[in-house]
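> Generate coordinates for the sequence data below:
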Amino acid sequence: EPNVVVYSALMSTCEKAQQWMGALDVLDTMVRRRVRPTSVSCNTALQACHHGNRFDLMFNMLDAMTVHRAQPDMQSLGLLLSVCEQHGFLEKELALLQRMQSVAKGTSALGAAAASGAALRISAAGLSAEVIPPALRTMENDLFARVRVACE
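Residues are numbered from 1 along each chain as shown. Next up is the predicted model:
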């Protein structure tokens, strides 16, 4: 019986062949056979949808990940954030930033810096500073302080 590694490898093959539908079919089969997806397998399916320009499906997958207890990680959220930035989905970008805030607490400073940089882009796009979560503003201030010190 195939396990999560086998299904992930199949999805990776579909993703590399730019077959987003195939990757989603494999993910669907995986779930129907009661093999719990991981964030790695879901990220592979997200990549396949990204290559197929199926951004709508990518955002649906983010919700499905939570349902299947495959926690979105910085890779998942970073890919979706990149899509938001490239295509001007400001409301979705803000929602992702709020989600990233909770994920970033357990990740590297690089992940926190990415979330902070995205908050700056939202601010520059004309959204009020009040909508940017306080923790992201703090990360933003910390990042600028480090950059200032490094440049002195």
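
> Can you name the residues that contact Gly88?
Gly88 makes no contacts at all, as judged by CB atoms under 8 Å, 6 or more residues apart in numbering. Bear in mind the C-beta positions are built from the backbone N, C-alpha and C, glycine included.

> could you check the distance from Ala23 over to Gln101?
From Ala23 across to Gln101, the span is 29 Å (CB to CB, to the nearest Å).

> And the two? Which one has more around it.
Ala23 (27 against 19; other CB atoms under 10 Å).

> can you pull the pLDDT of the more buried one?
On pLDDT, Ala23 comes in at 93.

> Name the surrounding residues that touch the strand or helix carrying it.
Taking DSSP states H and E as the definition, one finds Ala23 inside helix 20-32. Here helix 20-32 makes contact (CB under 8 Å, 6+ apart) with 2, 4, 7, 10-11, 14-15, 37, 41-42, 44-45, 48-49, 51-52, 54, 57, 68.

> Keep only those of the residues you listed that are in helices.
The helices, defined by DSSP state H, take in 4, 7, 10-11, 14-15, 41-42, 44-45, 48-49, 51, 57 from the contacts of helix 20-32.

> Which two of those residues have the greatest separation?
Pairwise distances across the ones in helices among the contacts of helix 20-32 (CB to CB) peak at 21.6 Å, for the pair Val4 and His51.

> residue boundaries of the strands in this protein?
Remark: strands of the chain are absent; assignment by DSSP state E.

> pLDDT weak spots in it?
102-152 (pLDDT under 70).

> Thanks again, I'm all set now.
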